[in-house]
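Visitor: pasting a predicted model and its sequence here:
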Amino acid sequence: MTTKSMTTTPLLTVEHLTMRFGGLVAVNDVSFSANNGEITAIIGPNGAGKTTLFNCITGFYTPTVGRLTLRHADGKEFLLERMPGYRISQKASVARTFQNIRLFGGMSVLENLIVAQHNKLIRASGFSIAGLLGLPSYTRTEREAVELAKYWLDRVRLLEFADWEAGNLPYGAQRRLEIARAMCTEPVMLCLDEPAAGLNPRESGELADLLTYIRDEHKIGVLLIEHDMSVVMSISDHVVVLDYGRKISDGDPAFVKNDPAVIRAYLGEEEDEDLPPEIKADLPEVAKRAGEGA
């Protein structure tokens with residue numbers, strides 16, 4: 001299931017991105033674009049540089065070389081490689097989840113989503129004065145924040161658990177809550193680092209439905225790192241494949257699935273060896289098992 005790009009101008013343009021750690025080159029001259037209203041998946045074997053690339057985009061690392069341009073629908077442009085991480089979230093409106101769940105386990109489910117909206121609540125409070133006095137401008141913003149949180153709790157089927165401590169939720173529910181929390185920041189781009197990790201097939205299917213809903217109904221760009229090829233191939237509009245820090249393939253899922261360079265990267269075949277058609281057809285399942293066992 002795919003949608004057309006919402007605009008001819010890419011939401012994110014990555015140009016010649018390189019990230020070195022001393023003598024180790026983790027990402028090597030990678031370029032690609034991601035469009036608004038599309039799901040762009042970044043895939044590749046373990047150690048390919050996917051999370052390092054995410055860390056550069058979201059400000060955890062400053063790239064050694066390269067330009068990362070994010071464009072909003074109103075024409076504003078942000079050079080992410082020049083911004084500290086908190087500004088990328090606050091000003092450029094990029095939200096992210098992580099491989100390891102990072103909820104506030106001692107807070108309630110609802111409180112986790114209210115905390116995600118702290119920037120607009122702080123502004124509305126006049127940095128505490130309006131909040132202390134209960135001025136209408138703050139109470140209105142606070143009410144809107146609760147309504148937005150309730151909306152996303154309903155979308156991820158956690159509304160009835162709003163008063164639970166987040167740390168007491170089952171693992172799959174915590175994954176969904178992380179995505180809901182990210183969406184409460186009202187991002188223009190949502191970056192998800194292995195959101196299907198640890199999920200069973202039913203939960204992975206529910207995740208796929210949630211991500212397509214976010215793409216189709218909220219018209220934002222989703223950047224996705226994922227090992228579960230059944231999820232990637234079913235929902236992605238665009239797939240970028242990394243191997244040893246380099247981009248080896250870039251296209252729609254059908255193209256990438258049948259690209260010999262991708263098959264070699266996942267299955268370790270020599271370049272002059274042709275794989276039987278039945279193995280190519282089974283690449284998503286083979287790659288999924290490889291990711292689970294790594």
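Guide: Sure thing, it's come through. Numbering: from 1, shown residues only.

Visitor: which stretches of this structure form strands?
Guide: All strands of the chain, identified by DSSP state E, fall at 12-21, 24-34, 39-43, 65-71, 77-79, 94-96, 189-193, 221-225, 238-243, 246-251.

Visitor: the ones you listed: which one's closest to Ala182?
Guide: Closest to Ala182 of those, according to C-beta to C-beta: strand 94-96, at 3.9 Å. C-beta: built from backbone N, CA, C; applies to glycine.

Visitor: tell me which residues of that closest one come out buried.
Guide: 94-96 (16 or more other C-beta atoms under 10 Å).

Visitor: thinking again about what came up before, tell me which of the strands of the chain lies nearest to Glu165.
Guide: Nearest of those to Glu165, taken as C-beta to C-beta: strand 94-96 at 22.8 Å.

Visitor: quick one: contacts of that closest one?
Guide: 54, 57-58, 70, 80, 88-89, 182-183, 185, 187-193 (C-beta atoms under 8 Å, 6 or more residues apart in numbering).

Visitor: one more time with 6 Å
Guide: Here strand 94-96 makes contact (C-beta atoms under 6 Å, 6 or more residues apart in numbering) with 58, 88, 182, 185, 187, 189-191.

Visitor: now those residues in TSV, with neighbour count, pLDDT and distance to Leu267?
Guide: As requested, those are exported to TSV (neighbours: other C-beta atoms under 10 Å; pLDDT from 0 to 100; distance: C-beta to C-beta, whole Å):
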residue	neighbour count	pLDDT	distance to Leu267
Thr58	22	95	31
Ile88	24	95	36
Ala182	23	95	34
Thr185	20	93	39
Pro187	20	95	36
Met189	23	97	32
Leu190	25	97	31
Cys191	24	96	28
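
Visitor: so which of those is the closest to Thr64?
Guide: Thr58 (16.4 Å).

Visitor: please name the nearest non-neighbouring residue to that closest one.
Guide: Nearest non-adjacent residue to Thr58, counting by C-beta to C-beta, 6 or more residues apart in numbering: Arg96, 4.9 Å away.

Visitor: what do you get for Ala116?
Guide: The nearest residue in space to Ala116 (C-beta to C-beta, 6+ apart) is Cys184, at 4.2 Å.

Visitor: which residues touch that neighbour?
Guide: For Cys184, counting by C-beta under 6 Å, 6+ apart, the contacting residues are 113, 116-117, 148, 152.

Visitor: let's see 8 Å
Guide: Cys184 sits in contact with 113, 116-117, 145, 148-149, 152, where contact means C-beta under 8 Å, 6+ apart.

Visitor: most neighbours, which of the residues you listed?
Guide: Per-residue neighbour counts (other C-beta atoms under 10 Å) across the contacts of Cys184 peak at Leu113, which has 29 neighbours.

Visitor: doesn't Asp154 make contact with that one?
Guide: No. The criterion here is C-beta atoms under 8 Å, and Leu113 misses it with Asp154 at 11.3 Å.

Visitor: could you measure from Asp29 over to Glu206?
Guide: Distance, Asp29 to Glu206, using C-beta to C-beta, to the nearest Å: 37 Å.

Visitor: now do Ala116
Guide: For Ala116, the distance to Glu206 - C-beta to C-beta - is 21 Å.

Visitor: again with Lys76
Guide: Relative to Glu206, and taking C-beta to C-beta, Lys76 is found at 34 Å.

Visitor: Asn28: how many residues sit nearby?
Guide: Asn28 has 17 nearby residues by other C-beta under 10 Å.

Visitor: tell me the contacts of it?
Guide: With C-beta under 8 Å, 6+ apart, Asn28 has these contacts: 18, 49, 244-246.

Visitor: apply 6 Å and report the result again.
Guide: The contact partners of Asn28, taken as C-beta under 6 Å, 6+ apart, are 18, 245-246.

Visitor: just Thr52 next, same as before
Guide: 19, 26-27.

Visitor: hang on, the earlier thing: tell me, what's touching Leu113 and Asp154 both at once?
Guide: Shared contacts of Leu113 and Asp154, defined by C-beta under 6 Å, 6+ apart, are absent.
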